[in-house]
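> Structure of the sequence below:
(3 chains)
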Amino acid sequence: MNSDKLRPILEALFAAADKPLSVNQIFELFVGDIEQPGKDDIRQAIHELVEQYENNGIELKQVASGFRFQIRSDYETWVARLWEQKPPRYSRALMETLALIAYRQPITRGEIEDIRGVSVSTNMIKTLQEREWVKSLGHKEVPGRPTLYGTTREFLDYFNLKSLNQLPTLAEIRDLDQFNPEFQFDENGEMTAKEVDSAETDNV
Amino acid sequence: MNSDKLRPILEALFAAADKPLSVNQIFELFVGDIEQPGKDDIRQAIHELVEQYENNGIELKQVASGFRFQIRSDYETWVARLWEQKPPRYSRALMETLALIAYRQPITRGEIEDIRGVSVSTNMIKTLQEREWVKSLGHKEVPGRPTLYGTTREFLDYFNLKSLNQLPTLAEIRDLDQFNPEFQFDENGEMTAKEVDSAETDNV
Amino acid sequence: MERVFANSASQSEMPFALVQGEPLTLIPQDLYIPPDALLVFLEAFEGPLDLLLYLIKRQNIDILNIPVAAITKQYMEYIQMMDNLELELAAEYLVMASMLAEIKSRMLLPRPAESSDEDDPRAELIRRLQEYEQFKKAAEDLDSLDRLEREIHLPNIELPEFDIDLPQAQVSINDLMSAFRDVVNRAEQFASHHVEREPLSVRERMVIVLERINADDFTGFIDFFDASEGRMGAVVSFIAILELLKESLIELVQAEPFAPIYVKAKS
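Numbering: from 1, shown residues only, chains lettered A, B, ... in the order given. Got it, this is the predicted structure:
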């Protein structure tokens, strides 16, 4: 495979991957193909890609575990405005997923879907992992070897908990409802900003 | 700001954004800058970027709510090798409900049920709303004031469409006038496939 | 009854394996369908219109010219099978059955010679079938469009190390609790999903055990018990290990009787 053909494939791979990719990892992806590029072909195509992006808003950058696309830091000012303009908000679906991971860990995505009765998007899990609230604990040894998820130390820290044990039980949550009718949802199922006065629970 | 300067900034913005960006949204990001690009400048730079990526592994694509970078589907074969997780699958029931909402909006749940001939579960509507494919458009002013549903821009974005016009056209329904009122029963009351001239139906 | 089935089977094949001669009371007698297969088959229908469309298509009948008596008969047989299998039969199937019966009876009555198409008792049924077929097709078309997470992938481009702190979504523990309460309440409406309520201390311990065995190949069973935690701690560890065993997430290994027991990740 010549590098003109290989280059856009690698470009697609680097852009899609959520981790840096090494030459070896890329080589492995092609094993079994009729047109299988050698490692030197891959190195050459990477080299060309790095040059191709030399004057662009993104760059193909080498880090410890391989190459990845990243935003050029020259453009930080503008990129940061994207967040100022639209501070992130978590959907109801994401909160339910997080709650199930917290209360039912170790749990697979399929199990979450079974309980929720609704499919869980890949993005949701990704957001929780990027926030470092959720991590993979390994794989369940059933067909498909699904990933088992659990919460992290950072999750506990964020919610000011010493251990999972401090999370209220379902019975306690329901009791709380009776005294505290403040869990309000608007029509779209979004949690309203209204906070309860019990300061010890909600502050972050 | 000339487009040589603007282009890499926009490239960085599109690469960083987790949703498509419209010309207006981009314009807003620059408000207050000394060198503030006009909307036409932005359009021009986007146009150049689209061309710049014409033969690449990624493309700048216009969908309903703006432009976004996406991996060119030509390279899906290789990209799919990066992940083990299968894409989420949606049931036929869900797709039928979604199709009805897309083609017949605004539509109530009752109207969907009439056409599908089965009841539509609350979970299904919830799934569609959680995915942000469907939203409430208000209420129909009939007894019970049922919710009217319609599709969102996110629905179009997800299915890679610019507008509802790009949906596949509905199959035509043949006119009822065409249908042949002739039929006949055989001795046992079984209808024969044979067509007859007379409108007699009574020999049972 | 058997005859209709024989007819339909000869016109087009049934879509699943047939096992002959099983002395089952299940109808029809010459056509035994394993109950499991039948269940899957019947559950594949999205409703009475879908089932009717299937019956019509299978015999290559023009939808505009439905032989109501024959189709009604076949339809009733499927309903009967669902009933025999104690499938929870949606009310819609019965409504359709009565609609078919009504059309059939009206068609048996003589009609005035000058009748128009609109007077055809089948008109309404045909209209509904056509409309349903139209959207069934639309759903298939929609499903085959390129879409995100399947054919279309978005780039994952790393942000540089920003000097600026990007705002993060804020979440309160109340949000988390109410989300949990809602999801459990919803799950409980469906009897099949009872969200068990083990004490969280056990869940937490399960995670700790998993983390440790993922790090090492073999971890001594004894290492999971810390005397300083007292009896309660030991019980929690023990239950956590049993729970992990039950869920096939770990296994216990012992070389010979009385040798040390090791815990390892299930492989």
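
> Residue A:27 contacts residue A:39, doesn't it?
Yes: Residue A:27 is in contact with residue A:39 according to C-beta atoms under 8 Å; the separation is 5.3 Å. Just so you know, the C-beta spots here come from the backbone N, C-alpha and C atoms, and that holds for glycine as well.

> Look at those two and report which has more neighbours.
Applying other C-beta atoms under 10 Å in any protein chain shown to residue A:27 and residue A:39 shows that residue A:27 carries more neighbours, namely 16 against 11.

> Residue C:39 - nearest residue in space that isn't next to it in sequence?
Spatial nearest neighbour of residue C:39, chain neighbours left out: residue C:85 (6.2 Å); criterion: C-beta to C-beta, 6 or more residues apart in numbering or on different chains.

> swap in residue A:65?
Residue nearest to residue A:65 in three dimensions, not counting chain neighbours: residue A:20, with 4.7 Å by C-beta to C-beta, 6+ apart.

> ok, the one you found - contacts?
With contact set as C-beta atoms under 8 Å, 6 or more residues apart in numbering or on different chains, residue A:20 has these partners: A:63-68.

> next one: residue C:42
Applying C-beta under 8 Å, 6+ apart to residue C:42 gives the contacts C:78, C:81-82, C:85, C:87.

> Please apply the same query to residue A:120.
By C-beta under 8 Å, 6+ apart, the contact list for residue A:120 reads A:93, A:97, A:109, A:112-113, B:88.

> What subset of those is buried?
Those of the contacts of residue A:120 that meet the buried threshold are A:93, A:97, A:109, A:112, by 16 or more other C-beta atoms under 10 Å in any protein chain shown.

> helix or strand right after the helix or strand encompassing residue C:39?
Secondary structure assigned from DSSP states H and E places residue C:39 in helix C:35-43. Heading C-terminal from helix C:35-43, the first helix or strand you meet, by DSSP H and E, is helix C:48-58.

> Rounded mean pLDDT for that following helix, please.
Mean pLDDT, helix C:48-58: 91.

> Buried residues of the next helix or strand after it, list them for me.
Downstream of helix C:48-58, the first helix or strand assigned by DSSP H and E is helix C:68-84. By neighbour count on 16+ other C-beta under 10 Å, the buried set for helix C:68-84 is C:68-75, C:77-79, C:81-82.

> For helix C:68-84, name the packing helices and strands.
strand B:191-192, helix C:2-11, helix C:35-43, helix C:48-58, helix C:91-108 (3 or more C-beta pairs under 8 Å, 6 or more residues apart in numbering or on different chains; DSSP states H and E).

> deepest of those, which one?
The highest mean neighbour count among the helices and strands packed on helix C:68-84, using mean count of other C-beta atoms under 10 Å in any protein chain shown, belongs to helix C:48-58: a mean of 20.

> which helices and strands does it pack with?
The contact analysis (3+ C-beta pairs under 8 Å, 6+ apart) places helix C:48-58 against helix C:2-11, helix C:68-84, helix C:91-108, helix C:123-144.

> what about residue C:208, distance to chain B?
26 Å (C-beta to the nearest C-beta, to the nearest Å).

> how many neighbours does the nearest residue to that residue once chain neighbours are set aside have?
Nearest residue to residue C:208 in three dimensions, chain neighbours excluded: residue C:240, at 7.7 Å (C-beta to C-beta, 6+ apart). Residue C:240 has 23 neighbours, counted by other C-beta under 10 Å.

> picking that back up, taking helix C:48-58 as reference, get the angle to the helix holding residue C:39.
On the basis of axes from the mean of the first three to the mean of the last three C-alpha atoms, to 10 degrees, helix C:35-43 is oriented at 100 degrees to helix C:48-58.

> Now do helix C:35-43 against helix C:68-84, angle only.
Per the same axes, to 10 degrees, the angle that helix C:35-43 makes with helix C:68-84 is 130 degrees.

> Convert the C-alpha atoms of helix C:35-43 to PDB, please.
What follows is helix C:35-43, C-alpha atoms only, in PDB (Å, rounded to 0.1, in the frame of the first residue of the first chain):
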ATOM      1  CA  PRO C  35     -42.800 -23.800  21.200                       C
ATOM      2  CA  ASP C  36     -39.500 -21.800  21.700                       C
ATOM      3  CA  ALA C  37     -39.300 -21.100  18.000                       C
ATOM      4  CA  LEU C  38     -42.900 -20.200  17.800                       C
ATOM      5  CA  LEU C  39     -42.500 -17.800  20.600                       C
ATOM      6  CA  VAL C  40     -39.600 -16.100  18.900                       C
ATOM      7  CA  PHE C  41     -41.600 -16.100  15.700                       C
ATOM      8  CA  LEU C  42     -44.700 -14.600  17.200                       C
ATOM      9  CA  GLU C  43     -42.800 -12.000  19.200                       C
END
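
> Point to the residue nearest the middle of chain A.
Per C-alpha atoms, centre = their mean, the C-alpha nearest to the average position across chain A is that of residue A:126, at 1.7 Å.
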